[in-house]
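Novice: mind folding the following:
(one chain, ligands or ions: 3)
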Amino acid sequence: MGVCTSKPRPSSEHNFHSSEEIKPSVVPGQDEDNPVGLKTNGGNARDSGNLGEKKKNEENHEVGKKSPFFPFYSPSPAHYLFSKKSPARSPAPGSGTPRRFFKKPFPPPSPAKHIKAVLARRHGSVKPNEAAIPEGKEVAEKTGLDKSFGFSKNFYSKYELGEEVGRGHFGYTCKAKFKKGELKGQEVAVKVIPKAKMTTAIAIEDVRKEVKILRALTGHNNLIQFYDAYEDQDNVYIVMELCEGGELLDRILSRGGKYTEEDAKTVMTQILNVVAFCHLQGVVHRDLKPENFLFTSKEENSTLKAIDFGLSDFVKPDERLNDIVGSAYYVAPEVLHRAYSTEADVWSIGVIAYILLCGSRPFWARTESGIFRAVVKAEPTYEEPPWPTLSSEAKDFVKRLLNKDPRKRMTAAQAMCHPWLRNTNDVKVPLDILIFKLMKAYMRSSPLRKAALRALSKTLTEDELFYLKKQFAQLEPSKNGTISLDNIISALKKNATDAMNESRIYDFLASLNALQYRRMDFEEFCAAASSVYQLEALDRWEQHARCAYELFDKDGNRTIMIEELASELGLSPSIPVHAVLHDWIRHTDGKLSFLGFVKLLHGVSSRSLAKAH
Ligand SMILES: Nc1ncnc2c1ncn2[C@@H]1O[C@H](COP(=O)(O)OP(=O)(O)OP(=O)(O)O)[C@@H](O)[C@H]1O
Ligand SMILES: [Ca+2]
Ligand SMILES: [Ca+2]
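Specialist: Residues are numbered from 1 along each chain as shown. Ligands and ions are numbered 1, 2, ... in the order given. The predicted structure is shown next:
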């Protein structure tokens, strides 16, 4: 778009990155097993719920770590512990692994453990390994918890339960058959969740939400088809389509830990597609991992389906969640800092992408707190094989998903437009909820900030424009190439499910009502829907910002008084504006300085200025 002649200067000269660094809440020397000060309660049923076995499991990861036959020959009994059905998870017969002689950076993936806090929130103070948990009704009587869900009660009159096909911490899944009617004999999958395991109000609420979310979101091609939910005194039954192709984790393991880039692209596109859909609906999955994606059939090119919404939640567009949930290897840093939203899922997808491409985990340690520390502080390696042989697009793709700052991370819809993926799929890029968040901030900005953003948008490259064009097209502009509030509302309605009511997407749109009286063309849309934080994360940010400043200097910059700037920014009178805004003004001519320009792009609020002062 814009032409720029200035040469970027070295970044050390211009330290204008205004983003705050995330301070790790996990510091060395802190309680190893309780880094974030949580009430925890020990083991996980998937680790057999036995602390002794859990210990053994961790030691075995260590064995995996030191195996010379890295990555998947390693006879990790961690796999063995979980090998109910997959030969890929069974140990190689009679193979002992030499210890201590070989150092390898990461062990291969094995089923992920839930964060201990998840178990604590489920079980309260009840430890899973304590004496047998009483039956559902008995617990309800003792605790006064209401375990009625309002689901149909006649599961067994409709279905005949068959063999178990999978098991998790919260339930087990069986095949079942319709007993009668048109569908007689047709097979389905049923996740059975024992009421005896629901020992806290949160546990009950989670099951309620799991069904509510499945009911609302069902219909997407990459999301498990939900049929109905039932209950009786002992269990909740979630009836859904049967996937016969196994978990993504098993397929990763059976391929010796690595996918070719081309195959990884097919998997990634499907994951991103369904997750972008969830995010537009205001649903955050919170437990994305290769165990929670199933292939419909054994075919190589079988469709992938997201399952297990047991930890999912609704999130309003400007809301942050604070409960620590998920599985340790896949948890995003901001979840550990207790302020997160949909970006946390994208981090987990980054972890999955890393594993698909190289067969190892990006963040690994022997203990939960060690993993948390790595997630918050460590940078994954891209030096070990096979990374040097992978394409630079693949590396850039993973790095931009694993950005520790959620504001700088790509969204799922953006990731589908990344150069690594955008030419390989013909999947329609879903509407991105981020567009609306950014447009809201833009509509509320001062004319000066709007001019600054317009200048910045003129420096965007093909890569950024690809995504913006796709988004703009989704909003179905009129023939003259402009969009109105009506366009936005009808585009959303076309993609809406009941989940949007819960996550209040429409209420949020009210903040765009200034668009009621005018239309927006593509150029202004680019200014409104560009994220300064995301652009700042790019290597070429310096160029962007310098070019934009030059353009702004030609067109939008003008002499301003500090007082005027303060009122443009809506600063409260309590802020000492001369001291705070001094650097924002170029002393030669009283126009906005480069520093002021970059700050203005970020949209500085009076609160953050007061804090900085
Ligand atoms: N529709 C399905 N078709 C086939 N197998 C399924 C289906 N749904 C679940 N499974 C199998 O059952 C396993 C457990 O299901 P799910 O992940 O929903 O349970 P969970 O108890 O919530 O697990 P977690 O411990 O991860 O929280 C899955 O990993 C999968 O192997
Ligand atoms: Ca699961
Ligand atoms: Ca679950």
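Novice: kindly report the residues of this protein close to ligand 2.
Specialist: Residues of the chain lying near ligand 2 by C-beta under 5 Å from the ion: Gly168, Asn292, Asp308. For the C-beta atoms, the positions are set from N, CA and C on the backbone; glycine is no exception.
Novice: can you tell me the SS state at the most centrally placed residue in the chain?
Specialist: Against the mean C-alpha coordinate of the chain, by C-alpha atoms, centre = their mean, the closest residue is Asp345 at 1.1 Å. Secondary structure assignment for Asp345 (DSSP: H, G, I helix; E, B strand; the rest coil): helix.
Novice: quick one: contacts for it?
Specialist: For Asp345, the contact set (C-beta atoms under 8 Å, 6 or more residues apart in numbering) comprises Val275, Cys278, His279, Val284, His285, Arg286, Leu288, Ala412.
Novice: that one and ligand 2, how far apart?
Specialist: According to C-beta to the ion, to the nearest Å, Asp345 stands 15 Å off from ligand 2.
Novice: can you check Leu357 too?
Specialist: In this view, Leu357 and ligand 2 are 23 Å apart by C-beta to the ion.
Novice: can you give me the neighbour number for His220?
Specialist: When neighbours are defined as other C-beta atoms under 10 Å, His220 has 17 of them.
Novice: mind listing the residues bridging to it?
Specialist: Beta-bridge pairing for His220 (DSSP bridges): Thr218.
Novice: isn't it right up against Ala276?
Specialist: No. Counting by C-beta atoms under 8 Å, His220 does not reach Ala276; the two are 10.1 Å apart.
Novice: returning to what we had before: of the contacts of Asp345, which belong to helices?
Specialist: Counting by DSSP state H, the part of these found in helices is Val275, Cys278, His279, Ala412.
Novice: now do the contacts for the residue nearest to the first one when sequence neighbours are not counted.
Specialist: Here the nearest residue to Val275 in space, its sequence neighbours aside, is Ala412; by C-beta to C-beta, 6 or more residues apart in numbering that works out to 4.5 Å. Counting by C-beta under 8 Å, 6+ apart, Ala412 makes contact with Leu272, Asn273, Val275, Ala276, His279, Thr342, Asp345, Val346, Ile349, Pro430, Asp432.
Novice: over to Val239?
Specialist: Taking C-beta under 8 Å, 6+ apart as the contact definition, Val239 lies against Phe155, Tyr159, Ala176, Val188, Ala189, Val190, Phe226, Tyr227, Asp228, Ala229, Tyr230.
Novice: need the residues you listed in a markdown table (columns: distance to ligand 3).
Specialist: Formatted as a markdown table, the contacts of Val239 follow (distance: C-beta to the ion, whole Å):
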| residue | distance to ligand 3 |
| --- | --- |
| Phe155 | 20 |
| Tyr159 | 22 |
| Ala176 | 19 |
| Val188 | 19 |
| Ala189 | 14 |
| Val190 | 15 |
| Phe226 | 15 |
| Tyr227 | 19 |
| Asp228 | 19 |
| Ala229 | 15 |
| Tyr230 | 19 |
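Novice: and of those residues, the nearest to ligand 1?
Specialist: In terms of C-beta to the nearest ligand atom, no member of the contacts of Val239 lies closer to ligand 1 than Ala189, at 3.4 Å.
Novice: go ahead and confirm the closest one touches Cys243.
Specialist: Yes. Between Ala189 and Cys243 there is a contact at 6.9 Å, judged by C-beta under 8 Å.
Novice: pull out the buried positions in stretch 150-168.
Specialist: Phe151, Phe155, Lys158, Tyr159, Val165, Gly166, Arg167, Gly168 (16 or more other C-beta atoms under 10 Å).
Novice: ligand 2: which of those residues is nearest?
Specialist: Among the buried residues of stretch 150-168, Gly168 lies closest to ligand 2 (C-beta to the ion), at 4.3 Å.
Novice: next, count neighbours for Thr260.
Specialist: Using other C-beta under 10 Å, Thr260 is surrounded by 12 other residues.
Novice: what do you get for Gln186?
Specialist: Neighbours of Gln186 using other C-beta under 10 Å come to 11.
Novice: now Lys175. Nearest residue, chain neighbours left out?
Specialist: Lys175 sits nearest to Gly162 (C-beta to C-beta, 6+ apart), 3.9 Å away.
Novice: surely Gln534 touches Asp405?
Specialist: No. Gln534 is beyond contact range of Asp405, at 9.7 Å (criterion: C-beta under 8 Å).
Novice: quick one, which of the two is more surrounded?
Specialist: Neighbour totals were compared for Gln534 and Asp405, and Gln534 leads with 21 against 17 (other C-beta under 10 Å).
Novice: the more buried one and Asp463, how far apart?
Specialist: Distance of Gln534 to Asp463, computed by C-beta to C-beta, to the nearest Å: 11 Å.
Novice: any idea how far the residue of the chain found nearest ligand 2 lies from Pro477?
Specialist: Proximity to ligand 2, evaluated over the chain using C-beta to the ion, is greatest for Asp308 at 3.8 Å. Look at Asp308 and Pro477: by C-beta to C-beta, they are 38 Å apart.
Novice: surely Arg361 meets Pro109?
Specialist: Yes. Arg361 lies in contact with Pro109 (C-beta under 8 Å); the separation is 5.8 Å.
Novice: between those two, point out the one with more neighbours.
Specialist: Remark: of Arg361 and Pro109, Pro109 carries more neighbours, 29 against 24, as counted by other C-beta under 10 Å.
Novice: the more buried one: what secondary structure?
Specialist: Assignment for Pro109 (three-state DSSP): coil.
Novice: change the start of the numbering to 43 and stick with it
Specialist: Taking 43 as the first residue, the last one we looked at is Pro151.
Novice: ok, it - contacts?
Specialist: Contacts for Pro151 (C-beta under 8 Å, 6+ apart) come out as Leu291, Ile294, Leu295, Gly299, Pro332, Tyr371, Ile397, Gly401, Ser402, Arg403.
Novice: need the worst-confidence member of those residues.
Specialist: Lowest in pLDDT among the contacts of Pro151 is Gly299, which has 77.
Novice: could you find the closest non-adjacent residue to it?
Specialist: Gly299's closest residue in space is Gly401 (C-beta to C-beta, 6+ apart), at 2.9 Å.
Novice: show the backbone phi and psi for that neighbour.
Specialist: Main-chain dihedrals, Gly401, degrees, to the nearest 10: phi 80, psi 0.
Novice: same check on Lys470?
Specialist: According to degrees, to the nearest 10, Lys470 has phi -70, psi 130.
Novice: re earlier: which of the buried residues of stretch 192-210 fall within strands?
Specialist: Among the buried residues of stretch 192-210, the ones falling in strands (DSSP state E) are Tyr201, Val207, Gly208, Arg209.
Novice: now for those: which two are most distant?
Specialist: Spanning the widest gap among these are Tyr201 and Arg209, at 18.9 Å by C-beta to C-beta.
Novice: what's the helix or strand for Phe514?
Specialist: Taking DSSP states H and E as the criterion, Phe514 maps to helix 504-516.
Novice: which secondary structure elements does the following helix or strand past that helix contact?
Specialist: The helix or strand immediately downstream of helix 504-516 is strand 524-525, counting by DSSP H and E. Judged by 3 or more C-beta pairs under 8 Å, 6 or more residues apart in numbering; DSSP states H and E, strand 524-525 is in contact with strand 562-563.
Novice: wait, the residue nearest to Gly299 touches Gly298, no?
Specialist: Yes. The pair Gly401 / Gly298 is scored as a contact, 7.3 Å apart, by C-beta under 8 Å.
Novice: OK, now which residue of the stretch 43-192 of the chain is nearest to ligand 3?
Specialist: Counting by C-beta to the ion, the stretch 43-192 of the chain gets nearest ligand 3 through His156, at 7.8 Å.
Novice: could you list everything that residue pairs with in the sheet?
Specialist: Under the criterion used (DSSP bridges), His156 bridges to Ser369.
Novice: I'd say it and Tyr372 touch.
Specialist: No. Counting by C-beta under 8 Å, His156 sits too far from Tyr372 to count as a contact (10.3 Å).
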